[in-house]
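Trainee: Kindly return the folded structure for what I paste below:
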Amino acid sequence: MIPRYCGRQLSVFLLSFLVVSGVSGMLLDQRALAAESGEPPLSNTELQVLEWIENQETNMVSLLRTITNTNSGSFNKQGMDQLASIFAGELSSLGFSTNKLPGGIIEMPSCPNSNLIFDVADHLLATRAGSGARLLLMGHMDTVFPSDSPFQEFSLDNGLIRGPGVFDMKGGLVVMLYALKALEEFGLLDEKTVSVLLNSDEEVGSLSSRQYIEQQARQHDYGLVFEGSVNNNQIRQRKGLGQARFVVHGRASHAGAAHQDGRSAIRELAYKIIDMEEMTNYETGLTVNVGLVSGGEARNMVAPCAEAYVDLRYPLPQQGIAARQQFEDIAANHHSVPADSTDVSTEIWVNLHRPPKIPTPASDQLLYRTVAIGALLGEQISVADSGGGTDGSLSQAAGLPTLDSLGLIGSGGHSQREQVDLNSFVQTTKRAAILIHRLLNE
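Mentor: As a prediction, the model looks like this:
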């Protein structure tokens, strides 16, 4: 006999059963979810909020156009500051106190001609103090497109919006802002505790902002991240992410007159690249990708230095720890010279910058409530897992139940095919507003 739970507890149990049983990624029965959810029907006030949002599409698109046409590649500090100023002004007008959080300098080992120093733009924290549940809203202002990228401009054609960051994740920032605007319009943020954290380095691993995300996570009850959603999926579980830099130092020499006197850093790195790539194991879910390689100074010179930038993905925390040790072993092992030679050396930098996002009962309940609210609004929402990372992995690992796929519906992130569905603006903003309202009133 199945025990009788209250609606929401039973529904969370059913959601967990569906995901564990392999239904993750499929559409759930929306009518059944709405009936079993324990979520009350939409109130008159909530209906007013929804009506207000329906009239804001033009304004939302206009703001997205402005921020999309403001380049904010991760290394464009000036563009990031401009974006932070726009959002600071918008949030201040909603009664938030805004503060800059220092970005700082991130240094990594590199060859002499690379001089890799990352000057991180400041991050933005906006707060409203009150009582009740404490809600942390998160997003990132940076994109993967530098200021010299050919993909720079917003466009709207046949219901599709294209441009750098419209999906990942400037569109989500607009959704977040207009959900708050809608609630403020009806006094629903009065005496509520809401914080907004917008960082400037998510696309390079949140190396500077991680400390702030974890700090804020420990001070709140729920976390919402407004990354874009493919096919209106809500992501339940994510892999952990790591990054590594290998810098091999050899000895320069003339490639013709004294080839034997040189020690090629490129040759040594080539062996190490093979060792790293062979760490990939699709059965266990661990992948290693050597994504960037450079080295040497001239065709006719034995290369004195070579470097590789490496991506790591792993489902379980212990896999990341083991992979770090493997990277260190690969760095220490010589291939092109004897083991005891000092002619070749390797510098290594490894950062497990995002832990795996592992579901908890609290995060499953937050996920289910979002699906159920979507059902109340007539949405078809599916649940899936992802190999991509978000700052929601950091907040959840710090103990904050976090949902991280609340932005616009689209595709093509990190490419010139990036696009979002115009119709998803009103749809996702409505859902976010109702979710925020209900969480704040717990």
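
Trainee: Would you confirm that residue 327 contacts residue 276?
Mentor: Yes: here residue 327 reaches residue 276: they are 7.2 Å apart, a contact under CB atoms under 8 Å. Every C-beta, even on glycine, is put in place using the N, C-alpha and C of the backbone.

Trainee: Where does residue 371 sit: helix, strand or coil?
Mentor: At residue 371 the chain is in helix, as set by DSSP: H, G, I helix; E, B strand; the rest coil.

Trainee: That one: neighbour count?
Mentor: By other CB atoms under 10 Å, 23 other residues sit near residue 371.

Trainee: burial count for the nearest residue to it once chain neighbours are set aside?
Mentor: Excluding its sequence neighbours, the residue lying closest to residue 371 (CB to CB, 6 or more residues apart in numbering) is residue 381, at 4.9 Å. Neighbours of residue 381 under the rule other CB under 10 Å: 23.

Trainee: ok, residue 381 to residue 420 distance?
Mentor: 17 Å (CB to CB, to the nearest Å).

Trainee: now swap in residue 210 and tell me
Mentor: To residue 420, residue 210 is 27 Å away according to CB to CB.

Trainee: Have a look at these two and say which one is more surrounded.
Mentor: Neighbours of residue 210 and residue 420, each counted by other CB under 10 Å, are more numerous for residue 420; the result is 29 against 19.

Trainee: Could I get the contacting residues of the more buried one?
Mentor: Residues in contact with residue 420 (CB atoms under 8 Å, 6 or more residues apart in numbering) are 160-161, 166-167, 171, 228, 408-410.

Trainee: Which of those ranks first by neighbour count?
Mentor: With neighbours taken as other CB under 10 Å, the top of the contacts of residue 420 is residue 171, carrying 33 neighbours.

Trainee: Contact partners for residue 41?
Mentor: So residue 41 contacts residue 376 (CB under 8 Å, 6+ apart).

Trainee: State the distance from it to residue 206.
Mentor: To residue 206, residue 41 is 39 Å away according to CB to CB.

Trainee: Kindly report the same for residue 136.
Mentor: Distance, residue 136 to residue 206, by CB to CB: 15 Å.

Trainee: the more surrounded of the two?
Mentor: Legend: neighbour count by other CB under 10 Å for residue 136 and residue 206, higher for residue 206 (27 against 23).

Trainee: Please, which helix or strand holds that one?
Mentor: Using DSSP states H and E, residue 206 falls within no helix or strand.

Trainee: Quick check: it touching residue 214?
Mentor: No: using CB under 8 Å, residue 206 makes no contact with residue 214, being 9.9 Å away.

Trainee: Identify the residues contacting residue 288.
Mentor: Contacts of residue 288 (CB under 8 Å, 6+ apart): 276-277, 279-280, 310-312, 323.

Trainee: In helices only, show me the residues you listed.
Mentor: The helices, defined by DSSP state H, take in 276-277, 323 from those.

Trainee: So which residues of the chain form helices?
Mentor: Using DSSP H, the helices assigned to the chain run over residues 7-18, 30-36, 44-54, 57-68, 77-93, 171-185, 210-217, 265-277, 317-332, 361-376, 391-397, 424-440.

Trainee: got those helices as JSON lines, with distance to residue 153 columns?
Mentor: Below are the helices of the chain laid out as JSON lines (distance: least, CB to CB, whole Å):
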{"stretch": "helix 7-18", "distance to residue 153": "41"}
{"stretch": "helix 30-36", "distance to residue 153": "37"}
{"stretch": "helix 44-54", "distance to residue 153": "27"}
{"stretch": "helix 57-68", "distance to residue 153": "8"}
{"stretch": "helix 77-93", "distance to residue 153": "14"}
{"stretch": "helix 171-185", "distance to residue 153": "15"}
{"stretch": "helix 210-217", "distance to residue 153": "31"}
{"stretch": "helix 265-277", "distance to residue 153": "37"}
{"stretch": "helix 317-332", "distance to residue 153": "38"}
{"stretch": "helix 361-376", "distance to residue 153": "32"}
{"stretch": "helix 391-397", "distance to residue 153": "27"}
{"stretch": "helix 424-440", "distance to residue 153": "19"}
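
Trainee: closest one to residue 344 among those?
Mentor: helix 265-277 (5.2 Å; CB to CB).

Trainee: List the buried residues of the closest one.
Mentor: 265-270, 272-273, 275-276 (16 or more other CB atoms under 10 Å).

Trainee: likewise stretch 338-353?
Mentor: 344-353.

Trainee: could the contacts of residue 420 be laid out in TSV, adding pLDDT and distance to residue 304?
Mentor: Formatted as TSV, the contacts of residue 420 follow (pLDDT from 0 to 100; distance: CB to CB, whole Å):
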residue	pLDDT	distance to residue 304
160	98	49
161	98	48
166	98	43
167	98	42
171	98	45
228	97	43
408	98	47
409	98	50
410	98	45
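
Trainee: With distance to residue 219 as added columns, please give the residues you listed in CSV.
Mentor: CSV is the format used below for those (distance: CB to CB, whole Å):
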residue, distance to residue 219
160, 39
161, 35
166, 31
167, 30
171, 27
228, 27
408, 28
409, 31
410, 32
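
Trainee: Check what pLDDT the closest residue to residue 292 other than its chain neighbours gets.
Mentor: Among residues not flanking residue 292 along the chain, residue 309 sits closest, at 3.9 Å (CB to CB, 6+ apart). Looking at residue 309, its pLDDT reads 97.
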